[in-house]
Structure formats: structure tokens, C-alpha cells
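Peer 1: With the input below, show me the fold.
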Amino acid sequence: ALVGHISSAHKDSIRLMTGNQWPNNPKLHFSNRLHKLATALDAAQLCVVTALAGPLFSKVDANDVAKAFDIPLPLYQEAVPQSGPQFALLDIALYRMERGSPVPMAVSEHVDP
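Peer 2: Numbers count the residues shown, from 1 in each chain. All right, here's what the predicted structure looks like:
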């Protein structure tokens, strides 16, 4: 994945790897502040997957969900071994809707893979 600050004609974005892949990101002058946000979002993601593990996925916990679906879920529980890459992608975008922007919008409803 492309990480760091990315700028194009109608969009600026910051894309960073979280979890145990954070040290592999380029150093940005605001990285420390984004690291706090990334850590909080990873923890929220883990809470959601943990809550849905049984009812939605028929799994015991988030670790079982990650293994079953080959998801590199950032697992911050001490009981879970930290082997291999465990991460998410923090992607923040600013779309500029100025004169000459693509019509109808620079961004439309979509799903990232």
C-alpha cells in the first residue's frame, strides 16, 4: 500500500499503516498525534470484532476471527501472540470541490478493498 502524504488535483490524503506496522511508515511532522488516533481506532476496531465474533462469525474471539478470515487485525491483548504483520490502514482524505472539479463529485460512494 502507498503510505504517507499523497496529493492529486482534487484530493490530499494521508495513508498510514497501524498496529505493529506503524514503524514502517514515513516520518511526518504530525506522526505522533496521528499515532494516538491510529491506536484509538485500532482499539475500537478490536472491540467491534470481539463483540461480533460469536454472533456474526461463530468464533470465540477476535483472534479466531483474524485467523479464520486471514485478517491482519491489530491485536493489542497481551494474551495474543504478536507474530506476523497485524495492522489496519488509517486513510484520511480531504477532497477539494472547487471550480473544475470532476462532476458530479470528486468522490462518490465506494468501498476500499
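
Peer 1: Give me the distance between Ala53 and Ala62.
Peer 2: Distance, Ala53 to Ala62, by Cβ to Cβ, to the nearest Å: 6 Å. Where you see a C-beta, it was placed from the backbone N, CA and C, and this is true even at glycine.

Peer 1: These two: who's more crowded?
Peer 2: More crowded of Ala53 and Ala62, by other Cβ atoms under 10 Å: Ala62, with 25 against 19.

Peer 1: Report pLDDT for that one.
Peer 2: Note for Ala62: predicted pLDDT of 89.

Peer 1: Just the buried residues of whichever helix in the chain runs longest, please?
Peer 2: Identified as the longest helix of the chain according to DSSP state H is helix 31-57. Across helix 31-57, burial judged by 16 or more other Cβ atoms under 10 Å covers Leu34, Ala38, Thr39, Asp42, Gln45, Leu46, Val49, Thr50, Ala53.

Peer 1: Quick one: end-to-end length of stretch 9-28, please.
Peer 2: 21 Å (Cα to Cα, to the nearest Å).

Peer 1: residues of it that come out buried?
Peer 2: Buried residues in stretch 9-28, counted by 16+ other Cβ under 10 Å: His10, Ile14, Arg15, Leu16, Met17, Thr18, Gly19, Asn20, Gln21, Trp22, Asn25.

Peer 1: Mind checking which of the residues you listed land in strands?
Peer 2: Ile14, Arg15, Leu16, Met17 (DSSP state E).

Peer 1: Asn63: neighbour count?
Peer 2: Using other Cβ under 10 Å, Asn63 has 19 other residues around it.

Peer 1: does it sit in a helix or strand, and which one?
Peer 2: helix 62-68 (DSSP states H and E).

Peer 1: and if you look at Asp91?
Peer 2: Per DSSP H and E: strand 89-95 holds Asp91.

Peer 1: quick one on the thing from earlier: any chance of the ones in strands among the buried residues of stretch 9-28 in JSON lines, plus distance to Pro74?
Peer 2: Below are those laid out as JSON lines (distance: Cβ to Cβ, whole Å):
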{"residue": "Ile14", "distance to Pro74": "18"}
{"residue": "Arg15", "distance to Pro74": "16"}
{"residue": "Leu16", "distance to Pro74": "12"}
{"residue": "Met17", "distance to Pro74": "10"}
